[in-house]
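Undergrad: Mind folding the following:
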Amino acid sequence: MRKSWMVAVAATAVVSGCGNGDGAASAPAPTSSAPASTSSVVHRLTVASPAYPDGGTIPRRYTCDGEDVSPPLGVTAVPAGTVSLALLLQDPDAPRGTFTHWLAWDIAPHLTPLAAGEHPAGAAEGRNGFGRTGYGGPCPPRGDHPHRYVLTVYAADRRPSLAPDATPADLLRALSGHTLASGTLTGRYGR
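TA: Just a heads-up that it's a prediction; the model follows:
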């Protein structure tokens with residue numbers, strides 16, 4: 001079964017310079033709960049944005065130097081049995097370790113398309129590395145090389161039970177053993 005999903009979140013104010021150490025280091029990727037005997041093929045979601053291609057430059061509008069609104073994002077190939085989606089946007093190139101720009105969970109897999117800056121109805125959002133809930137756009141230190149911003153979307157077979165101040169490690173632990181598929185979209189941005 002194929003489903004489409006679009007997600008975007010309203011922006012929050014962003015302080016200058018990612019990677020202040022508050023973004024929480026990334027945890028190991030969650031494992032799939034699908035039995036090995038059902039298929040040797042790993043399910044992959046397709047994550048795309050009309051704002052930039054995978055590996056492309058994130059337009060200024062979606063960063064701390066622009067409107068700081070989240071870009072429109074589409075996810076396809078959501079597998080049957082998906083109960084909820086989760087996503088994690090991180091900068092692995094931040095000076096003090098991986099910096100979290102957004103984490104959200106309990107997103108309906110059948111969500112209708114949303115415009116940039118809109119919240120998916122009913123989704124829960126955790127605290128980003130800026131210390132705020134919601135989306136915080138790319139904001140690497142001035143003069144640094146362009147950073148990579150990796151958005152990973154997970155399809156889960158259950159709704160994760162997490163506190164509102166959940167960290168990326170908390171999210172990935174909750175998804176461990178319950179991830180049916182995942183996919184990534186990587187953008188780059190430098191100042």
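Undergrad: lowest-pLDDT helix or strand in this structure?
TA: For the chain, counting by mean pLDDT, DSSP states H and E, strand 5-7 ranks last in confidence among helices and strands (a mean of 39).
Undergrad: what about this protein, any weak spots by pLDDT?
TA: Low-confidence segments of the chain, defined by pLDDT under 70, span residues 1-42, 111-114.
Undergrad: burial count for the residue lying closest to Gly122 once chain neighbours are set aside?
TA: The shortest distance from Gly122 to any residue that is not its chain neighbour, by CB to CB, 6 or more residues apart in numbering, is 6.3 Å, and that residue is Ala108. From N, CA and C alone the C-beta is placed, and that goes for glycine too. Here the neighbour count serves as a burial measure; for Ala108 (other CB atoms under 10 Å) it reads 18.
Undergrad: and what of Gly131?
TA: Based on other CB under 10 Å, the number of other residues close to Gly131 is 12.
Undergrad: Pull out the buried positions in the host helix or strand of Leu180.
TA: Secondary structure from DSSP states H and E places Leu180 in strand 179-189. By neighbour count, with 16 or more other CB atoms under 10 Å as the criterion, the buried positions of strand 179-189 are 179-183, 185-189.
Undergrad: Which stretches in this protein count as helices?
TA: Along the chain, the segments classed as helices by DSSP state H run 168-175.
Undergrad: now the strands: where do they sit in it?
TA: Per DSSP state E, the chain has strands spanning 5-7, 46-48, 73-76, 84-91, 99-107, 124-125, 147-156, 179-189. These are given in chain order.
Undergrad: For these, give me TSV that also has distance to Glu67.
TA: Shown next, in TSV, are those (distance: least, CB to CB, whole Å):
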stretch	distance to Glu67
strand 5-7	17
strand 46-48	21
strand 73-76	16
strand 84-91	17
strand 99-107	15
strand 124-125	19
strand 147-156	16
strand 179-189	14
